[in-house]
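1. take this sequence and fold it.
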Amino acid sequence: MKAIGLDVGFGWTKVCVMEENTDPSYLKFPSWIAYHSNTPISELEIVVADGKEYVVGYDAKHEQKRIILSDINDLINYYPVIEKYVLTKLKITGDYSIVTGLPPLYKDLANKLTRYNVKVIPQGLGIWLDVKDDIKADESMIVDIGFNTVDYLIVADNIKKKGATITKLGVERLVELFRDTLPQELEYLRQSSFQKLMLVFEKGYAIFEGEKILLEKYKEKAIEHYNEIVMSRLKNELGGAIEEIEMIVIAGGGAYYMKNLRKAGVYIPQNPELSQARGYAKLCLSSIHSWQI
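-> Okay, the predicted model is just below:
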C-alpha cells in the first residue's frame, strides 16, 4: 500500500509518498488553481474534477481564470482538485491511503474533508510524528509556520495537551514585510502580484528589463522584523512555556527564516517544509489510530 501524506496549504502543497522498504518520494508545488481555457496550442496538465477542467500548480499562471484560495473553506472546497492533481501527477493507482491535516482552529471542519475518504489530523501533529523518534523529548512544542497561519501544538507523553492557530502570521506576513522594506525606486515590485512577489522573495533577486536586481538586504531586514513579531506573539500566547518546555520543534516553510529562538532545545527537521507531509505518511504506515482531530 502507498501511504500519502498530503499537506495542503494556502501557499504550497507538499506531498510525501511512502511504501514499506522504499525511500520516500516528494512533490511540492504552489497551491495555484485555475479554470482551463481552450487555445490552439495547449500542453498544460489538465485535471478533471466534478466535470470541470482545472490547471493546478505552476501551470496555473498561464491561465486567466484563476481561483484564489482566500480562506479555509476555499481550501476544503478545492481539496479534491488538488488531490486529483497529485494522484495524476504521481501516477498513483491501486491501493493507497491519504492523511492530511487542518489547523487546530478549524478542527470542527474536519468532517468536510473526511467525506473524501481521507484521514484528518491537526496540523503540527504531522511534524511531531515525523521527528518524535529523533528528539526523544518527554514534552515538546511544535511550531508550524505555514503560508497563512502559525500553528502550535504541545505534546507530552504522546498526548495532545494544547494547541491553537495564529492567523495571518505565516510566511505571507513575512512577504508583506519584505514588500514594505522595498524602496521607492522599486515601486514596480511593490505593485506586483503577491504570487510574483513571493517568488522574488524566495530567490532574493528580481529580473527587470534583463537586469538582475539583488534584494538580499531587504529580505534580511524583513526576516529580522518577522522573527521579532513571531516571538512576541508566541510569548503572549504561551507565557513562560516558551522558555520552560523541553524541546521546541520549528517546521513548515517559515522554519528557514526563524533565528535565535532560544539558546538550546530547538530542533529543525531536515527539509522542514516537508516534515508535515512526511509525518502524515508515517501515520498511514503505522498502527496508531488515536490521533484523529
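2. which element follows the helix or strand hosting Gly163 toward the C-terminus?
-> Per DSSP states H and E: Gly163 is located in strand 159-167. Using DSSP H and E, the next helix or strand after strand 159-167 towards the C-terminus is helix 171-181.
3. so which bits of the helix or strand that contains Glu243 are buried?
-> Applying DSSP H and E as the criterion places Glu243 in helix 241-244. The neighbour-count check on helix 241-244 (16 or more other CB atoms under 10 Å) flags Ala241, Ile242 as buried. Quick note: C-beta positions are derived from backbone N, CA and C, even for glycine.
4. ranges for the strands of the stretch 101-250 of the chain?
-> 119-122, 139-145, 149-156, 159-167, 205-208, 211-214, 247-251 (DSSP state E, counting those that start in this stretch).
5. quick revisit: partners of the strand holding Gly163 in the sheet?
-> Strand 159-167 has its sheet partners listed here by DSSP bridges as strand 149-156 (antiparallel).
6. what bits of the stretch 1-150 of the chain have low per-residue confidence?
-> Within the stretch 1-150 of the chain, the stretches with pLDDT under 70 are 40-42.
7. hang on, the earlier thing: quick one: which of the strands of the stretch 101-250 of the chain is nearest Gln270?
-> Closest approach to Gln270 among these (CB to CB): strand 247-251, 10.0 Å.
8. which helices and strands does the closest one pack with?
-> For strand 247-251, the packing partners by 3 or more CB pairs under 8 Å, 6 or more residues apart in numbering; DSSP states H and E come out as helix 125-135, strand 139-145, strand 266-267.
9. buried deepest among these, which one?
-> strand 139-145 (a mean of 26; mean count of other CB atoms under 10 Å).
10. by how many degrees do that one and helix 125-135 diverge?
-> In terms of direction (axes from the mean of the first three to the mean of the last three CA atoms, to 10 degrees), strand 139-145 departs from helix 125-135 by 130 degrees.
11. how long is stretch 26-44 end to end?
-> With CA to CA, to the nearest Å as the measure, stretch 26-44 spans 21 Å from end to end.
12. tell me which residues of that stretch are tucked away?
-> Neighbour-count burial for stretch 26-44 [16+ other CB under 10 Å]: Leu27, Lys28, Phe29, Pro30, Ser31, Trp32, Ile33, Ala34, His36, Leu44.
13. closest to Leu109 out of these?
-> Using CB to CB, Ser31 comes nearest to Leu109 of the buried residues of stretch 26-44, at 17.2 Å.
14. from what I can see Gly279 touches Gly5, true?
-> Yes. Counting by CB atoms under 8 Å, Gly279 touches Gly5, with 6.7 Å between them.
15. where do the contact lists of these two overlap?
-> Shared contacts of Gly279 and Gly5 (CB atoms under 8 Å, 6 or more residues apart in numbering): Gly126.
16. give me the neighbour count for Pro272.
-> 24 (other CB atoms under 10 Å).
17. going forward can the numbers begin at 87, since that is how I track them
-> All right, first residue 87 from here; so that's Pro358.
18. residues touching it, list them.
-> Per CB under 8 Å, 6+ apart, neighbours of Pro358: Ile336, Ala337, Gly338, Gly339, Ala341, Tyr342.
19. cool, and Asp160?
-> Applying CB under 8 Å, 6+ apart, the residues contacting Asp160 are Ile153, Ile154.
20. gap between it and Lys368?
-> For Asp160, the distance to Lys368 equals 28 Å [CB to CB, to the nearest Å].
21. could you work out the most separated pair of the contacts of Pro358?
-> Within the contacts of Pro358, Ile336 and Gly339 form the most distant pair, 11.1 Å apart (CB to CB).
22. so what sits against both of these two?
-> With contacts taken as CB under 8 Å, 6+ apart, the residues that reach both Ile336 and Gly339 are Ile231, Pro358.
23. find the nearest non-adjacent residue to Ile178, please.
-> Beyond its immediate neighbours in the sequence, the residue positioned closest to Ile178 (CB to CB, 6 or more residues apart in numbering) is Lys88, lying 6.0 Å away.
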